[in-house]
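**Student:** Starting from these lines, generate the structure:
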Amino acid sequence: MSEPLTTPGEGFHPHLHDAPDPPAAPLRGRLHHIRADALDGDTAQSGGMRRFAAVSGRTVGSEKLWMGQTHVAPSTASSDHHHGESETAIYVVSGHPEFVFVDAPGEDGQVREVRLRTAPGDYVFVPPFVPHREENPDPDDEAVVVIARSTQEAIVVNLPQLYALSPGEA
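**Tutor:** Below is the predicted model of the structure:
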């Protein structure tokens, strides 16, 4: 005899078949199932890309985590930006997105633009407040990545340039 399949939002407790229905659980007292077609596009954005929230303070009541997808269209670059206090982990799902940042001055005192070229299955870590941008050089296919952040919402601070601002420019 097989048990019926559960549906999103319902619990499965085989030892409680005859128990009355429990009262609705608050957001933080239950698991949440976010379907791929139910991602929330009403989140912080940068030009040239679209972010979609799956797990956030608003969608599921998370307190310390944001997770979702970013789509970068073919032959597109995002605006230069950083993610404030968030640590950001990125997993490349499809495409070959490139992540661009400025490295600290070398022995010659010059700063260098660094370009991380990625492939599906790669991971990228972005520390807090590090200016960067995503690019998708492919002329035909969008790049898709999954993002996890250490804050409950997607902090995005768009910048006028990739390089750090001088004190008088803030």
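
**Student:** Report how many residues lie close to A53.
**Tutor:** The criterion is other Cβ atoms under 10 Å. On that basis, A53 has 24 neighbouring residues. From N, CA and C alone the C-beta is placed, and that goes for glycine too.

**Student:** Name the nearest residue to I34, sequence neighbours excluded.
**Tutor:** The spatially closest residue to I34, leaving aside those adjacent along the chain, is A54, at 4.5 Å (Cβ to Cβ, 6 or more residues apart in numbering).

**Student:** Only C-alpha atoms, please: export the helix or strand in which that neighbour is found in CSV.
**Tutor:** When secondary structure is defined using DSSP states H and E, the element that contains A54 is strand 49-55. The C-alpha atoms that make up strand 49-55 are tabulated as CSV, following Å, rounded to 0.1, in the frame of the first residue of the first chain:
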residue,chain,number,x,y,z
MET,A,49,20.7,41.1,-15.9
ARG,A,50,17.6,39.8,-14.1
ARG,A,51,17.6,38.4,-10.6
PHE,A,52,14.9,36.1,-9.3
ALA,A,53,14.5,35.3,-5.6
ALA,A,54,13.6,31.8,-4.4
VAL,A,55,14.5,32.0,-0.8
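
**Student:** That strand: how far from the chain's middle?
**Tutor:** Taking Cα atoms, centre = their mean, to the nearest Å, one finds the center of strand 49-55 at 6 Å from the center of the full chain.

**Student:** Tell me which other helices or strands that strand touches.
**Tutor:** The contact analysis (3 or more Cβ pairs under 8 Å, 6 or more residues apart in numbering; DSSP states H and E) places strand 49-55 against strand 66-72.
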